[in-house]
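*Asks:* task: produce atomic coordinates for the following.
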Amino acid sequence: MQNKLILPLIVISQFCCTSLWFASNAVMGDLVNDLQLEPSALGSLTSVVQLGFIFGTLVFALFTITDRFSPSKVFFVSAFLGGLFNLGIIWDGHSLLSIMSIRFFTGFFLSGIYPVGMKIAADYYEKGLGKSLSFLVGALVLGTAFPHLLKVLTHSFPWQYVIVATSFLAITGAFLMLLFAADGPFRKSSSQFNSKAILIIFRNKTFKSSAFGYFGHMWELYTFWAFVPIMLSAYSSNHQLNINVPLFSFLIIGVGSIACVIGGYLSNKYGVKKIAQWSLFLSCICCLISPILFQSPSAPLFLLFLFLWGMFVIADSPLFSTLVAQNAPAELKGTALTIVNCLGFSITIISIQLISVLQELITPTYLFTFLSIGPIIGLLFLQKNK
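*Replies:* Below you'll find the predicted structure:
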């Protein structure tokens, strides 16, 4: 396939396959009712996907799978199996343990989708990688948000329709990648297992700085996404309003895809690192001022604030991935992207669980100020390596 067509292909495939990520979150209310779960199940079912993703990226990184084997074939196998495991949610005999197991393996195979998609893009676009990855992460954002829209569109149908639709999309994306995405011209394969790959990667101080900026960003990102419906529900309850939570959850998360593209174009003009820092700084400000907006009686102002937060919280993600890819050894680029994803998603579990625990102790008005911890630490590391 011609290079100019490969990016749209990867973007479409990434969108289709990453819809698996929050499939259970979109139907969480139905799952809680059907399985008689506690409301805290949101944190557990979100975290177990992250745990599966972490375990998968660790396996992929330790065995340098994306550098030793064809990335498009790795993507296909992962997306196909991820779609099948996701489909398992519709089984009638689930307990919390069994559904958490299903979500764990879905997360495991997502580790062969998201970072592998970035690896494929990096193999095609040596120049302008920041802009290319901005489209790719934008697709991830839309894919993540899409189950919430499906919930709105299928509200008169059983919740299982959302799960079937996301599985179908993932398997479609798997075949698109297998049939039309050959290995990129800038791919440098690693023929054998390298037990010291991770140590080699982190010796580079610039790489380490970029990675820690990404880790700070990840502390905030997935917890924000997971709790957007909670924020909307809490505000609606406190101010006695009737907000369409699934619709606005989709819009607030989905608007981040536009921010990714804008950030990619700005990075071409002002530099990748500078735009990443500004995005991280602005999302940190959103965390800190969130109590003021939660107390505002103006629903349009609160929703506008969440839309802006939804943009700032993700705009730096493709830029940090670009910095990681650019500062990693060429023959270990796939492993570098994978291990940084692994560590970043490990951090999301801590953040999600912390907010889940604090949710029982602190009013939602002040709860999300704790998300500022990650951006503050990330900014300090980026500042150290000017």
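*Asks:* quick check: Ser267 touching Trp278?
*Replies:* No - look at Ser267 against Trp278 with C-beta atoms under 8 Å: they stay out of range, at 10.3 Å. In short, each C-beta sits where N, CA and C put it, glycine included.
*Asks:* the two: which is more packed in?
*Replies:* For Ser267 versus Trp278, the count of surrounding residues by other C-beta atoms under 10 Å is larger for Ser267: 27 against 17.
*Asks:* that one: which element?
*Replies:* helix 256-270 (DSSP states H and E).
*Asks:* show residues contacting that helix.
*Replies:* Residues from elsewhere that reach helix 256-270, judged by C-beta atoms under 8 Å, 6 or more residues apart in numbering: 128, 130-135, 137-139, 141-142, 145, 274-276, 279, 310-319, 322.
*Asks:* pull out the buried members of those.
*Replies:* When the contacts of helix 256-270 are checked for burial by 16 or more other C-beta atoms under 10 Å, the buried set is 130-135, 137-139, 141-142, 145, 275-276, 279, 310-319, 322.
*Asks:* narrow those to those in helices?
*Replies:* Of the buried ones among the contacts of helix 256-270, the ones assigned to helices by DSSP state H are 130-135, 137-139, 141-142, 145, 275-276, 279, 310-315, 317-319, 322.
*Asks:* give me the neighbour count for Gly173.
*Replies:* Look at Gly173: counted by other C-beta under 10 Å, it has 31 neighbours.
*Asks:* for it, which non-adjacent residue is spatially closest?
*Replies:* Once flanking residues are discounted, Gly173 sits nearest to Cys16: 3.1 Å by C-beta to C-beta, 6 or more residues apart in numbering.
*Asks:* contact partners for the one you found?
*Replies:* By C-beta under 8 Å, 6+ apart, the contact set of Cys16 is 79, 143, 169-170, 172-173, 176.
*Asks:* do a quick rundown of the helices in the stretch 251-386 of the chain.
*Replies:* Ranges of helices in the stretch 251-386 of the chain, per DSSP state H, counting those that start in this stretch, are 256-270, 272-294, 299-315, 317-326, 333-358, 364-367, 373-384.
*Asks:* give me whichever of those is most buried.
*Replies:* Mean neighbour count (mean count of other C-beta atoms under 10 Å) peaks for helix 317-326 among those, with a mean of 27.
*Asks:* does anything pack onto that helix? Which helices or strands?
*Replies:* Here helix 317-326 touches helix 114-124, helix 129-153, helix 205-238, helix 256-270, helix 272-294, helix 333-358, going by 3 or more C-beta pairs under 8 Å, 6 or more residues apart in numbering; DSSP states H and E.
*Asks:* show me what counts as buried in the third one.
*Replies:* Neighbour-count burial for helix 205-238, counted by 16+ other C-beta under 10 Å, picks out 207-232, 234-236.
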